[in-house]
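Participant: quick one, what's the 3D model for this:
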Amino acid sequence: MSIPTEPIGSIPRSLELLAAMANWAAGSISDEELRSAEDAALRDTILRFEKTGSPVLTDGEQTKPSFATYPLAGLTNLAPDGAIIPFADGHTRQLPRLTAGPFRYGVRAATYLKAGRRFTQRPLKQAVIAPSALSLLYPQDALPQYSREAFLDDLTKEAERDIRNCIDEGAHCVQIDFTEGRLALKLDPSGGLLNAFIGLNNRVLNRFTPAERKHIGIHTCPGGDHDSTHSADVDYASLLPLLFQLNVGRFYIQLASESDRPRVLKAARTLLKPGQILFVGVTDPIRPRVETPEEVRDRVLEAAEHIPVESLGTTDDCGFSPFADDTSTSREIAFAKIRSRVEGTQLASAILGV
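Facilitator: Residues are numbered from 1 along each chain as shown. Alright, predicted model coming up:
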């Protein structure tokens, strides 16, 4: 069996889908016309994924508004002026703010899994947003008759259900997107915020059995939006000891774009527990140049110098378009990078004899 390789999630939406989304928002096309455009983009994405030889697919998050906000679709107890996430190039993203309880998901991730299954028989993984990210919806000033603890109770139940529904629907694995982990250290270098995030995520993860947690993973990266990041300047070594306290069986870590990969790998090796798999990033979605399979091979071999091969997997550093409006990377480049990841991982597997 070769070294496992998986995508993170998002693929740039097709121009036709983006146009349909804009036209629908403007009221110039019907719901049915939007659904037709979504199905066409989803079908094309999965077909292209299959052509890369990827053993595990995603739906490319084609119909998600963003990796972070999909559960909020249709909710009416939100205001637009929530937490602001600044990126290194000066642009920002802003979360909504909860205005009243109770908190419930408007859309669940299993919806996307079911839609993708219509177009492939290959294994499909499903990405979900971390409860720690959604905890940022609660305002600094307590809401009347809906305490923060009541909100966290509701959030814990909703996040568990989101993950469990994907498992019940036969997801190959469930990946929790935790891009706010490294950012937490930038916002609070003392580690208090990160500790709170880890505690909340484990509050959800502890509701699953050890067998179930083998199929649940955590993805971390310094953000990736419009070819910029929000926390790449934060030392990875400060994040990893707390990250590996999360009760999951799989870790997906951004690595291709790190300046000192061996240092990160050495730290991860001391933290990785038996039975866990470390998926290391071997392609950089932010850089337009497509890595060659040989470059990927060499990055895998470098990782294998530090990580036991039975505990090693490969992935992309981040999704290629976590937010629907991010067109900084083309679909063609995204799939070319995925193909190189798959082929390069196979080359390394042959050299390593697995």
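Participant: residue contacts, Thr45?
Facilitator: 11, 14, 59-60, 62, 331 (CB atoms under 8 Å, 6 or more residues apart in numbering). For the C-beta atoms, the positions are set from N, CA and C on the backbone; glycine is no exception.
Participant: for Phe49, give its distance to Leu271.
Facilitator: 31 Å (CB to CB, to the nearest Å).
Participant: and what of Leu347?
Facilitator: 28 Å.
Participant: what about those two, which has more around it?
Facilitator: Neighbour count, other CB atoms under 10 Å: between Leu347 and Leu271, Leu347 has more, with 18 against 15.
Participant: just the element for the more buried one, please.
Facilitator: Assigned by DSSP states H and E, Leu347 falls within helix 331-352.
Participant: helices or strands next to that helix in the packing?
Facilitator: Helix 331-352 makes packing contacts with helix 31-51, strand 277-283, helix 293-304, strand 312-316 when contacts are defined by 3 or more CB pairs under 8 Å, 6 or more residues apart in numbering; DSSP states H and E.
Participant: what about 6 Å?
Facilitator: Packed against helix 331-352 by the contact rule (3 or more CB pairs under 6 Å, 6 or more residues apart in numbering; DSSP states H and E) you find strand 277-283, helix 293-304.
Participant: got the contact list for the longest one?
Facilitator: Outside of helix 293-304, the residues that reach it under the criterion CB atoms under 6 Å, 6 or more residues apart in numbering are 265, 280, 282, 312, 314, 340-341, 343-345, 347-348, 352.
Participant: those: which two are farthest apart?
Facilitator: The span of the contacts of helix 293-304, defined through CB to CB, is set by Leu265 and Glu343 at 22.0 Å.
Participant: quick one, which of these two is more surrounded?
Facilitator: More neighbours surround Leu265 than the other of Leu265 and Glu343, with 21 against 18 (other CB under 10 Å).
Participant: so what's that one up against?
Facilitator: Counting by CB under 6 Å, 6+ apart, Leu265 has contacts 303, 306.
Participant: host element of it?
Facilitator: Secondary structure from DSSP H and E places Leu265 in helix 261-271.
Participant: tell me which residues of that helix are tucked away?
Facilitator: By 16 or more other CB atoms under 10 Å, the buried positions in helix 261-271 come out as 261, 264-265, 267-268.
Participant: list just the nearest of those to Pro80.
Facilitator: Distance to Pro80, by CB to CB, is smallest for Val264 among these, at 36.8 Å.
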